[in-house]
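> Have a look at this prediction, sequence included:
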Amino acid sequence: MYYLLKRCIDVAGSIVIGFMFLPIAALTAIAIKLDSPGPVLADTPMRVGKNGKLFKLFKFRSMITNAHEVLRTDPTMRKLYQQYKKNSYKLHDDPRVTRVGKFIRKHSLDEIPQLVNVLIGDMSLVGPRPYYPDELIDQQKKYPHTKQLVSIVLSAKPGLTGNWQVSGRSEVNFDKRIQIDAEYVRERSVLHDIEILLKSPMAMVTGKGAV
């Protein structure tokens with residue numbers, strides 16, 4: 001019954017929220033095109049979904065084009081890439097982020113296109129973070145005790161928002177973040193999902209912990 005209700009909420013919620021955010025999404029797309037050359041949507045690597053299935057995550061572009069490839073292959077960014085991995089795949093003062101990108105990342109506006117992922121079933125409105133494949137591999141080497149937690153997290157669909165986003169977001173390292181995600185999966189319920197959804201707008205407005 002939980003999974004049926006959750007899917008109904010995901011479909012109905014993504015449609016309703018999508019219509020509500022349509023004007024903001026249009027303005028965001030225009031701002032991205034005026035601010036820097038490149039596509040409106042980011043060309044990001046695949047993410048790990050439920051049961052380890054890879055999927056394409058839709059996101060507004062907040063960085064220069066080919067940002068992920070540049071970070072991993074450009075010799076001038078080698079030190080930055082090492083810092084990126086050390087900091088649980090997050091960077092403060094990332095030079096790849098555009099002017100508009102800083103604003104939309106702070107307020108999570110870059111994540112609006114993920115409503116499409118929710119609608120087609122790759123994601124849920126509420127769930128664990130959608131991790132990168134290399135992120136999971138590298139971070140489990142750094143934090144070996146998280147392997148069981150990762151297995152628990154991958155038993156659920158990743159979410160547009162979740163426990164760690166509304167209680168620390170990017171301020172927490174991988175080991176703490178994966179623990180929060182695993183706790184969500186163990187204790188998930190429709191009421192808990194609704195509670196997280198109600199907290200999410202405030203996290204978007206304040207931009208607390210976002211990078």
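Arrived safely. Residues are numbered from 1 along each chain as shown.
> Do I have it right that residue 44 meets residue 66?
No. Counting by Cβ atoms under 8 Å, residue 44 does not reach residue 66; the two are 10.2 Å apart. For glycine as for every other residue, the C-beta is placed from the backbone atoms N, C-alpha and C.
> per-residue confidence for residue 14?
pLDDT, residue 14: 96.
> Tell me who's in contact with it.
115-116, 118-119, 125 (Cβ atoms under 8 Å, 6 or more residues apart in numbering).
> Against residue 82, how distant is it?
Residue 14 is 37 Å from residue 82, where distance means Cβ to Cβ, to the nearest Å.
> likewise residue 164?
24 Å.
> Need the nearest residue in space to residue 21, chain neighbours excluded.
residue 112 (5.3 Å; Cβ to Cβ, 6 or more residues apart in numbering).
> Residue 164 and residue 82: which has the busier surroundings?
residue 164 (22 against 10; other Cβ atoms under 10 Å).
> Point me to the helix or strand that includes that one.
For residue 164, there is no enclosing helix or strand under DSSP states H and E.
> so it makes contact with residue 129?
Yes. Assessed by Cβ under 8 Å, residue 164 is found in contact with residue 129 at 6.7 Å.
> Need the overlap of contacts for these two.
In contact with both residue 164 and residue 129: 177, 181, using Cβ under 8 Å, 6+ apart.
> From the contacts of residue 14, which land in helices?
Of the contacts of residue 14, the ones assigned to helices by DSSP state H are 115-116, 118-119.
> and of those residues, the nearest to residue 192?
Closest to residue 192 out of the ones in helices among the contacts of residue 14 is residue 118 (17.4 Å), distances taken as Cβ to Cβ.
> contacting residues for that closest one?
Residue 118 touches 10-11, 13-14, 124-125, 160, counting by Cβ under 8 Å, 6+ apart.
> just those now: which is nearest residue 55?
Taking the contacts of residue 118 together and measuring to residue 55 by Cβ to Cβ, the closest member is residue 124, at 12.5 Å.
> Would you tell me which helix is longest in this protein?
helix 2-35.
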